[in-house]
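In: test case, fold it:
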Amino acid sequence: MREFIAVALGGMVGSVARYAVGLGVAKGWSQLNWPLATLLVNVAGCFCIGLAAAAAKKWHWFDTPIDLAVRVGILGGFTTFSSFGLEVVRLWQNDRTLAASGVILLNVSLAILAVVLGEWLFKWAIES
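Out: Predicted coordinates for the structure are as follows:
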């Protein structure tokens with residue numbers, strides 16, 4: 001039960017941090033008309049999950065409440081792209097380049113396809 005609480009509390013922190021980054025970027029860089037906040041969050045999340053994974057490995061924290069609060073909760077609430085980045089790196093580190101390439105291709109292409117399908121389905125349902 002404490003693992004769930006750790007993830008929930010971490011998720012709250014990560015989600016609020018994500019929202020704050022979006023507000024900060026919108027305030028200072030709105031003239032770009034480009035998804036800069038998403039890029040910043042994704043890159044920062046990937047950097048942070050690299051730090052968290054290295055710390056968890058060094059200090060044997062994997063799957064402890066602190067690891068779950070940071071990696072799954074905070075970084076999951078901040079961006080799930082960080083988990084994707086870590087999983088791809090782990091595949092590469094284990095000499096599974098083809099699998100890593102497949103994960104990249106499937107995640108990006110299917111995510112975009114799912115957005116298009118979701119929008120199409122909504123429009124179809126509303127117009128029918």
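
In: in space, not sequence, find me the middle residue of this protein.
Out: In the chain, the C-alpha nearest the mean C-alpha coordinate belongs to residue 80, at 1.8 Å (C-alpha atoms, centre = their mean).

In: give the other helices and strands that the helix ranked longest in the chain contacts.
Out: Ranked by number of residues, the top helix in the chain under DSSP state H is helix 97-127. Counting contacts by 3 or more C-beta pairs under 8 Å, 6 or more residues apart in numbering; DSSP states H and E, helix 97-127 packs against helix 81-93. Bear in mind the C-beta positions are built from the backbone N, C-alpha and C, glycine included.

In: now the helix it packs on: buried residues?
Out: Of the residues in helix 81-93, those with enough neighbours to count as buried (16 or more other C-beta atoms under 10 Å) are 81, 82, 83, 84, 85, 86, 87, 88, 91.

In: just to revisit the earlier point, chain center to the longest helix of the chain: distance?
Out: In terms of C-alpha atoms, centre = their mean, to the nearest Å, the gap separating the centre of helix 97-127 from the centre of its chain is 16 Å.

In: got the buried residues for that helix?
Out: The neighbour-count check on helix 97-127 (16+ other C-beta under 10 Å) flags 100, 103 as buried.

In: okay, angle between it and helix 81-93 too, please.
Out: Following axes from the mean of the first three to the mean of the last three C-alpha atoms, to 10 degrees, one obtains 150 degrees for the angle between helix 97-127 and helix 81-93.

In: domain map for this structure?
Out: Structural domains of the chain, as assigned by automatic domain parsing, span the residue ranges 2-94, 97-128.
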